[in-house]
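**Student:** Have a look; sequence and predicted model below, questions after that.
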Amino acid sequence: MIRVTSDSADLAIDARMLARRFGARWVLRGVSFTLGAGEAAGLVGQNGSGKSTLLRVLCTLIRPSTGSASVFGADLVREADLVREAAGFFSPVPGVYDDLTARENVRFAATMLRRPAADADSSLERVGLSHVADDRVRGFSSGMLRRLALARLIVQQPRLLLLDEPYNNLDTEGIALLNDAIRRTLGRGGAALVVVHDVASAMPVVGRWLALREGRVEAIAAPPPVLDAIGPPSPSPAVAVR
Amino acid sequence: MAFRDDWMRARAVAWKDLTAERRSKAGFNSVAALGITILVLFGFALGPDAEAIRAAAPGALWLAALFAGVLAFNRSYQVELEGGALDALLLFPGSRRSLFAGKLLANFVFVLLLVAIVVAASLVLFHVAVPPTWPAMLLVIFLGAVGLTTLGTFYAAMASRSRAREVLLPLLLFPMLVPVLLAAMEATKALLAGDVMRDARAWISLLVAYDAIFLSATFLAFDAVIEA
């Protein structure tokens, strides 16, 4: 079992032997790692390696079959509501309502999160959707839907960002907006775990890399070799592998 | 404070569901059309015998509400499943019961409107006069709609996790709804006949008990059924 640890005492994620199975198939087979406050980690792995399942377990959408984990000290199972307060999940699907307008979608999220409606309007402005704020979402492009989902995440202001392939369908400006949201979260003492295939887009914000192989997490020094031409990742914070 | 937050969330969920439904109209139009179609078919099946039609009217009314309601309950979670909105909904912090309360409230308004249309259509199609006991009839409709909606919303949530949800929901729901449908039909029948035997009171008491038990049970069990 390989365990990756950080020097940070304030742990955003502390996963211990997390495992999850669907039927007879084990997707996660004892994932252990920590992510400190102020850190952003990129998570890579082949299709079906369990990256999305790990994020869904960490944001409390599905329960681990065995093992345990905490998010900023809150246990995933026993204190799921505290985890939901702390963690924001950015899913590959936008999770918005087609028959509501962009403003209504984000205001709905603001109400559910007990945030003022003004936050919803300012977040739409920040992601560049204020000009279509009163349009129904049904006609939005994939990129606009991603921006809308980002606006909802901005309203939430979570301490931990769990981002599942967040750069899909985003243009250059959208990628910059997302990376800015990650930097702001890190600046507030938060953390981010980013599942990426598009490693280049995450390079400016991700400080360390993890790989999921056969349901287990391994620390890796650099992104996959196919991306060598892009250059090495940012210097990693103290990461110990034991 | 927690109750106030839960109530705000429940209202937001109900507002969201009703706004989306009002704009799309697809759900309500098809469900109302189904309800009226069932009544028309009953009318044809029973033929010109006015007495038989009047005797069958309460059953036809509540069966139309049941079948149309099942479509509505399935649809209320279908909207969440399209585009992954259910995951987003479940990730909001706070009590999951507020989500159930919101869905329940929206479905209740929906079913109440549906029953109003079905009742109006029944009065016309079955030549049933508005009885003098109409306030008690309104109470029966209210209590019947509460019972139907409570279990419908609960089991639709349970079935939403399954690929065979359209098949699973009626299988789970229909047996559980037998008492509420029976009580609602019998109370309606008694009230339409002027309630000369004072039968309606017992059936209404059964409806009240059924609603109280299942409202409490579904609120308590919702967390467990919505968890993956």
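**Tutor:** Sure, I can see it.

**Student:** alpha carbons only for contacts and neighbour counts from here, please
**Tutor:** Will do.

**Student:** doesn't residue A:48 fall inside a helix?
**Tutor:** No - counting by DSSP: H, G, I helix; E, B strand; the rest coil, residue A:48 is located in no helix; its state is coil.

**Student:** Next one: it from residue A:54, what distance?
**Tutor:** Taking C-alpha to C-alpha, to the nearest Å as the measure, residue A:48 and residue A:54 are separated by 11 Å.

**Student:** How about residue B:39?
**Tutor:** For residue B:39, the distance to residue A:54 - C-alpha to C-alpha - is 51 Å.

**Student:** what about residue A:19, which helix or strand?
**Tutor:** Using DSSP states H and E, residue A:19 falls within strand A:11-22.

**Student:** do residue B:122 as well
**Tutor:** Per DSSP H and E, residue B:122 falls inside helix B:96-125.

**Student:** How about that helix and chain A, any contact?
**Tutor:** No - interface with chain A: helix B:96-125 contributes nothing (C-alpha under 8 Å from any C-alpha of the partner chain), its closest point being 9.7 Å away.

**Student:** buried sites along that helix?
**Tutor:** The neighbour-count check on helix B:96-125 (16 or more other C-alpha atoms under 10 Å in any protein chain shown) flags B:96-112, B:114-115, B:117-119, B:121-123, B:125 as buried.

**Student:** other SSEs contacting it?
**Tutor:** Applying 3 or more C-alpha pairs under 8 Å, 6 or more residues apart in numbering or on different chains; DSSP states H and E, one finds that helix B:96-125 makes contact with helix B:2-24, helix B:26-46, helix B:50-81, helix B:134-159, helix B:200-226.

**Student:** To residue A:113, which of those helices lies closest?
**Tutor:** Nearest of the helices and strands packed on helix B:96-125 to residue A:113, taken as C-alpha to C-alpha: helix B:2-24 at 8.6 Å.

**Student:** How about the contacts made by residue A:183?
**Tutor:** Neighbouring residues of residue A:183 by C-alpha atoms under 8 Å, 6 or more residues apart in numbering or on different chains: residue A:205.

**Student:** and it, what pLDDT?
**Tutor:** We have a pLDDT of 96 for residue A:183.

**Student:** Verify the contact between residue B:146 and residue B:107 for me.
**Tutor:** No - Residue B:146 lies out of contact with residue B:107 (C-alpha atoms under 8 Å); the separation is 9.5 Å.

**Student:** okay, now residue 52: neighbour count?
**Tutor:** You didn't say which chain, so I picked chain A. 19 (other C-alpha atoms under 10 Å in any protein chain shown).

**Student:** Can you look at chain B instead?
**Tutor:** Residues lying near residue B:52 (other C-alpha under 10 Å) number 13.

**Student:** Spatially nearest residue to it, not counting backbone neighbours?
**Tutor:** Excluding the flanking residues, the one nearest residue B:52 by C-alpha to C-alpha, 6 or more residues apart in numbering or on different chains is residue B:46, at 6.8 Å.

**Student:** And for that neighbour, the neighbour number?
**Tutor:** Look at residue B:46: counted by other C-alpha under 10 Å, it has 14 neighbours.

**Student:** what's the pLDDT at it?
**Tutor:** 80.

**Student:** In chain A, mark out all the strands, start to finish.
**Tutor:** In chain A, the strands defined using DSSP state E lie at A:4-6, A:11-22, A:25-36, A:40-44, A:66-71, A:74-75, A:87-90, A:160-164, A:191-195, A:208-213, A:216-220, A:239-241.

**Student:** Tell me what angle the third one forms with strand A:208-213.
**Tutor:** What it means is strand A:25-36. Computed by axes from the mean of the first three to the mean of the last three C-alpha atoms, to 10 degrees, the angle separating strand A:25-36 from strand A:208-213 equals 170 degrees.

**Student:** what angle do the helix holding residue B:122 and helix B:200-226 make?
**Tutor:** If you take the same axes, to 10 degrees, helix B:96-125 sits at 140 degrees to helix B:200-226.

**Student:** Run the chain-centre distance for helix B:96-125.
**Tutor:** 5 Å (C-alpha atoms, centre = their mean, to the nearest Å).

**Student:** Okay, now the unreliable bits of the chain?
**Tutor:** Picking chain A for this. Applying pLDDT under 70 to chain A picks out residues A:1-9, A:222-242.

**Student:** Can you look at chain B instead?
**Tutor:** Using pLDDT under 70, chain B drops low at B:1, B:228.

**Student:** Tell me the residues of it that contact chain A?
**Tutor:** So chain B meets chain A at B:5, B:8-9, B:12-13, B:16, B:19-20, B:23-24, B:79-80, B:82-88, B:90-94, B:227-228 (C-alpha under 8 Å from any C-alpha).

**Student:** Need the buried ones from these selected in PyMOL.
**Tutor:** PyMOL command restricting these to the buried ones, with burial defined by 16+ other C-alpha under 10 Å:
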select buried, chain B and resi 5+8+9+12+13+16+19+20+79+80+83+84+85+86+87+88+90+91+92+93+94
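
**Student:** Only alpha carbons, please: show the strand holding residue A:19 as CSV.
**Tutor:** Extracted C-alpha coordinates of strand A:11-22, given in CSV (Å, rounded to 0.1, in the frame of the first residue of the first chain):
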residue,chain,number,x,y,z
LEU,A,11,-5.8,18.5,6.0
ALA,A,12,-8.4,19.1,3.4
ILE,A,13,-8.6,15.4,2.6
ASP,A,14,-7.5,12.5,4.7
ALA,A,15,-8.4,9.3,3.0
ARG,A,16,-7.6,6.0,4.7
MET,A,17,-8.0,2.7,2.7
LEU,A,18,-11.1,4.0,0.9
ALA,A,19,-12.7,1.2,-1.1
ARG,A,20,-15.9,1.1,-3.2
ARG,A,21,-17.4,-1.7,-5.1
PHE,A,22,-20.3,-1.9,-7.5
